[in-house]
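Trainee: Could you look at this predicted model? Sequence included:
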Amino acid sequence: MLFPQPNEKGRFGIYGGRYVPETLIPALDELAKAYSEIALSDDFQAEFHHYLKTYVGRPSLLYYAENLSKYCGGAKIYFKREDLNHTGAHKINNAIGQALLAKKMGKKRFIAETGAGQHGVASATAAALFGLHCTVYMGEEDVRRQALNVYRMKLLGATVSPVSSGTKTLKDATNEAIRDWVTNVRDTFYIIGSVIGPHPYPMMTRDFQSVIGFETMKQLELAEGRSVPDAVVACVGGGSNAIGIFAPYAYLPENERPKLIGVEAAGHGLETGAHSASISAGKRGVLHGSLMYLMSNDDGQISPAHSVSAGLDYPGVGPEHSFYADERMANYVAVKDEEALLGFKKLSEIEGIIPALESSHAVHYVMQLAPTMRKDQVIVVNLSGRGDKDVTEAMRVMSLMEANNGKN
Amino acid sequence: MLFPQPNEKGRFGIYGGRYVPETLIPALDELAKAYSEIALSDDFQAEFHHYLKTYVGRPSLLYYAENLSKYCGGAKIYFKREDLNHTGAHKINNAIGQALLAKKMGKKRFIAETGAGQHGVASATAAALFGLHCTVYMGEEDVRRQALNVYRMKLLGATVSPVSSGTKTLKDATNEAIRDWVTNVRDTFYIIGSVIGPHPYPMMTRDFQSVIGFETMKQLELAEGRSVPDAVVACVGGGSNAIGIFAPYAYLPENERPKLIGVEAAGHGLETGAHSASISAGKRGVLHGSLMYLMSNDDGQISPAHSVSAGLDYPGVGPEHSFYADERMANYVAVKDEEALLGFKKLSEIEGIIPALESSHAVHYVMQLAPTMRKDQVIVVNLSGRGDKDVTEAMRVMSLMEANNGKN
Amino acid sequence: MGRISEAFHQAKEANRSAFIAYLTGGFPDEASFLDKAMSILEDADLLEIGLPYSDPLGDGPTIQKSSEQVLAQGMTTAKTFELISKLREKTEKPLLLMTYYNPIYCYKGGEAAFLKKLKEAGADGVILPDLPPDQADTLIPLARAEDVDTVFLVAPTSTPERLELVTKACRGFIYAVSVTGVTGARAALPQDVPDLVRRTKAISDLPVAVGFGVSGYDTAKPIADVADGVVVGSALIKTIAENGDLKALTREIARACKR
Amino acid sequence: MGRISEAFHQAKEANRSAFIAYLTGGFPDEASFLDKAMSILEDADLLEIGLPYSDPLGDGPTIQKSSEQVLAQGMTTAKTFELISKLREKTEKPLLLMTYYNPIYCYKGGEAAFLKKLKEAGADGVILPDLPPDQADTLIPLARAEDVDTVFLVAPTSTPERLELVTKACRGFIYAVSVTGVTGARAALPQDVPDLVRRTKAISDLPVAVGFGVSGYDTAKPIADVADGVVVGSALIKTIAENGDLKALTREIARACKR
Ligand SMILES: Cc1ncc(COP(=O)(O)O)c(C=O)c1O
Ligand SMILES: Cc1ncc(COP(=O)(O)O)c(C=O)c1O
């Protein structure tokens, strides 16, 4: 195991666990065993890193954003450019890892859930690379919002299965993927796209994504002569890109640890209820197999989440983040839709980099944070994905916003 | 000068020259001077390569496509992954180079023409990075076909100016850009997106793009123990991605030179006239400032080009390619729309890589070539860009094609 | 002996497999729920009441839709408890609550308060489709203290070790899932049901009921032949939703339950 | 002395700037072209006939559209030559062909054949907007041999070296471009026109005509005051296209040309 958490029961503190139908438990046991016996082996790690290097294009750049740093007038801002990965987001790191493990386990079929479509594209890509078929579950609302990614998945040979139950977004796509898995568990591997789900998924996804943080350490050492920045900022949906860059720093002794800041989606505002800020405005609960911070009502009915970015539009957050939050190993803040759009526009205009709407939440936050810090301080932002998938929707929303502002 | 051509008059053999309004000649003289004095200096080259490395993400991968090679059952196929560059195509190499030169020359404003939108996005990106404004001319037909890139350019702060004259594609966008340049020549830098235009543009663009070929040499040396493959394949619109990978090989002694194969767009078929295969089916003529192979009628009226890929939809081809063709330094072949779409689908499904429709022409060709070669032979294909920009249009065309096939 | 054990005991005495019916709480609406439940209980031996839930990931479309419908009509946990109380006034047959874990976890006062309230309402047991016993180390002792039977599930994929663990944690009966899959009426069931029942019975004295996929006589009969109980849910919900002949269906199942 | 030099000479004698009119070949249609041209030549001293071209990158929207229109109507290089022949039958005034280079390059038999044909048709010169003299080393001697005057352009951006080169290559007159820009009628012209004319005349004895942007009396007059000729194109095309009063316009220009 790479990190001190989760404990032997698959829990990060009290969080995590395995709240799933009994049918899946043997599959999870098999997976946990395969993960520790196969995936943690040197051979597997070598093969995994070979794909990361030769196919994904890792290491991804650590880019010093000189224009933005000057514009903000405070700390030096670096971006970890996961947007430059093949397929355009951090999701591919984990998809390759899980798919490779599945192949070693002799699985014949992949399934995946997706919100923004990035994990769906990543899974479909990994499936193509390893010659297997992949079915991707995606909420109908997200199919609309992320049409480009739907086409991409189909071209990659995947079947995209629109989900019309519940809120028609990521949460329901995940339910549907679990239903498929329960049904076809014997030959199907479920590639989960974030640090959520029953143990060992949150651990496994975290480990595969932690390449982001380990690379950052090395690259920052080269760029600044120190591997630890003053702050690390990442957006948090389920939390995989954030854990990927946080984890290698999170378990450092407290006095060596940088500020770790997870940026949740405040949607229309925390007070409106229309958001996806599970830590900032949720409470504990169980969803998709694990105990975590969650948005649900007094009766435990899951609340519909909202975010302008489909990838953050999820009412829960990974158990390890829930643990970090309680232990104050990381701080969690929330950024509204319209603020994220400002970040989206600003980074495009000032650095020529169009970020994913998800990542734009982190971009907006860092623009508030940097000016409060000294010029010799350093912030690393995880730029989890590129915004090509979002430009149509962002243009639509921005013009709606302008029209509304005009009215007031 | 990096390569033996062009001669001191800016010609590759008989091709090239400066067929432009007198108003522009002094600007071209100034540019040629700045290019040789500034851009060829060590300082400039160091700065240029710094941006390529830290911003574009170079070197781009040289990827051994094991699945495709096995599928084809012949030579080993490598892809030079320009699609992984920031903004998703090779165009950014040149845009950064020209923009950096413009900045050193004290220019205050950029203009660019674009077909597929990739050069427009690249120019808008470079403009954002260097803090200048960019106006991009784009044919109305391409604005429709490449809507995603139009949004991207706007987000990057550029002005997209739709061109409704003539065939409403790249050729007319270029006319319009030249008209703007003639008008605002004193403070405006025209970033030309391919190895076309009056001297020194074809040379300059070639030199900036030749990083592709030089990297390939080094990477192939590491991968295969030899820097020279048996064949190099690239699609040819104006010809910049092809020259970028060809040039470092083209001037090797004939017996050391790999087969260089440029793949033009045969559109609906050379016999139909609806294509963009200037070398395969054109004749000499003058367009956009230089003498080249060109599609025009007996009266010298430029023929409308056609290709399913907006970036190849251009009736001319760079003077250096025209020269290579005459001297038999490279071969030029042509691939039809529907064949390119097959390449597009196949690479997506078999390697998990969605290529640009432009690059798909080269993909299809290599799938014909590889089986005719021995297993110990090596082909490098320049994967000039990614297909995200094309998926919507490709889906539309493929479903039209299916519908038509159904009818027959 | 609790009501649940008693019901299985009586069925066995009568050389029958017990008929266990499932109905989503408040379905098709609060007013008709009690009538439907009582009508079903004329033929069924036990009743599972489903606590409607927003994210029923173990359920197929039929039960999903019934949950969405009643939630939209305003069903709550409190109202479900009330319905159980009202049913308890009308029947002495065993009543169980089938619920996902989050409504328990989020209940004011937690697991203890939830189980207490459930007991007060008159329920005899609880079925927990997404809470395997190894995640229930706090819930089980609380349920024991309240004398609420805990029914966990075994599945075709269960290993011997899992069977051991799950059956040990069960009280009242053991719920054997007939298929790898979610709830929902099916035309036929897999061949390996008898095997799972046999394996389960080999290590436990508790009655074993089989559910998931039973749609009528043909699917119920082979189960009744080997198991102590037959669970029917989606088929009932579907019949009610489509205004079908509920009575005919419950009689058909009851007939299949006879050995 | 050729017709072109003669025309400038006569204008000078009459204390006028020469009025040089531009009309796209075959515009507005083949039938009316000759009438329009003859009508214009009642006031103009020289006529430029534009060879319609698919990609007129030195032209603004007015001339672009006129080219597109006549090409769509079937105009060709051969028909343009025919129109010149017919005009030559009706007038002794100088006729010049304004053409982009590709139609010359692609002409069957090349530059030589093109120039021969042009001369036979009765033209006196050729104006080449996208062929700077340093790209014309084969064309110039051929033109000399055919006695076709070669008119190249100088621009506000021209350096002394370029002025030297261009003016040396000119025969008949020198075409000075009034603005950095494309053709098209403008409301006002830049201040530096007199300067360009002065610089050009300082190194050449040829007449200097100024074009691009002349729209009427106000723009023509200041040019007429300093230059040997005033070129008007887009304004004429526009008037014809809009069915305006062509006669009034040519008279207005002719009036402005008087010193
Ligand atoms: C670019 C990008 N960033 C972030 C996310 C959110 O997921 P996570 O919080 O697991 O990183 C997504 C999900 O689709 C995404 O596509
Ligand atoms: C991905 C890609 N490849 C190729 C081309 C064709 O241009 P060139 O022939 O100059 O490489 C384009 C033009 O837009 C392009 O976007």
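Mentor: All right, it came through fine. Ligands and ions are numbered 1, 2, ... in the order given.
Trainee: Show me which strand runs longest in chain C.
Mentor: Counting residues, the longest strand found in chain C (DSSP state E) is strand C:18-24.
Trainee: who touches A:Thr69 in this structure?
Mentor: Just so we're on the same page, residue A:69 is Ser rather than Thr. Neighbour list for A:Ser69: A:75-77, A:370 [criterion: CB atoms under 8 Å, 6 or more residues apart in numbering or on different chains]. Using the backbone N, CA and C atoms, a C-beta is placed for each residue, glycine as well.
Trainee: same question, A:Met395
Mentor: Contacts for A:Met395 were tallied using CB under 8 Å, 6+ apart; they are B:151, B:154-155.
Trainee: So among those, where is pLDDT lowest?
Mentor: Lowest pLDDT within the contacts of A:Met395 is found at B:Tyr151 (93).
Trainee: sorry, back to before: for the longest strand of chain C, packing partners?
Mentor: helix C:3-13, helix C:30-41, strand C:46-50, helix C:61-72, strand C:208-211, strand C:229-232, helix C:234-241, helix C:246-257 (3 or more CB pairs under 8 Å, 6 or more residues apart in numbering or on different chains; DSSP states H and E).
Trainee: C-alpha coordinates for it, CSV please?
Mentor: C-alpha atoms of strand C:18-24 as CSV (Å, rounded to 0.1, in the frame of the first residue of the first chain):
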residue,chain,number,x,y,z
ALA,C,18,-44.1,-19.5,2.6
PHE,C,19,-45.3,-16.7,0.2
ILE,C,20,-43.5,-13.5,1.0
ALA,C,21,-44.9,-10.4,-0.7
TYR,C,22,-43.2,-7.1,-1.4
LEU,C,23,-45.0,-3.8,-1.7
THR,C,24,-43.4,-0.4,-1.9
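Trainee: returning to that earlier point: and the furthest pair within the contacts of A:Ser69?
Mentor: For the contacts of A:Ser69, the farthest-apart pair by CB to CB is A:Lys76 and A:Ala370; their separation is 8.2 Å.
Trainee: intersection of neighbour lists for these two?
Mentor: Common neighbours of A:Lys76 and A:Ala370 (criterion: CB under 8 Å, 6+ apart): A:69, A:379.
Trainee: Just want the most central residue of the chain.
Mentor: No chain was given, so I picked chain A. The centre of chain A sits closest to A:Ser240, judged by CA atoms, centre = their mean, with a distance of 3.6 Å.
Trainee: I was after chain C.
Mentor: Nearest residue to the geometric centre of chain C (CA atoms, centre = their mean): C:Glu48, 4.1 Å.
Trainee: Tell me the confidence at A:His364?
Mentor: The model reports A:His364 with a pLDDT of 98.
Trainee: follow-up on the earlier one: so which residues make contact with the longest strand of chain C?
Mentor: Contacts of strand C:18-24 (CB under 8 Å, 6+ apart): C:7-8, C:11, C:33, C:36-37, C:40-41, C:43-50, C:52, C:63, C:66-67, C:70, C:98, C:207, C:209, C:211, C:228-234, C:236-237, C:250, C:253-254, C:257.
Trainee: name the helices or strands packed onto the stretch of helix or strand C:Ala78 belongs to?
Mentor: If you go by DSSP states H and E, C:Ala78 is part of helix C:77-90. Here helix C:77-90 touches helix C:30-41, strand C:46-50, strand C:95-98, helix C:110-121, going by 3+ CB pairs under 8 Å, 6+ apart.
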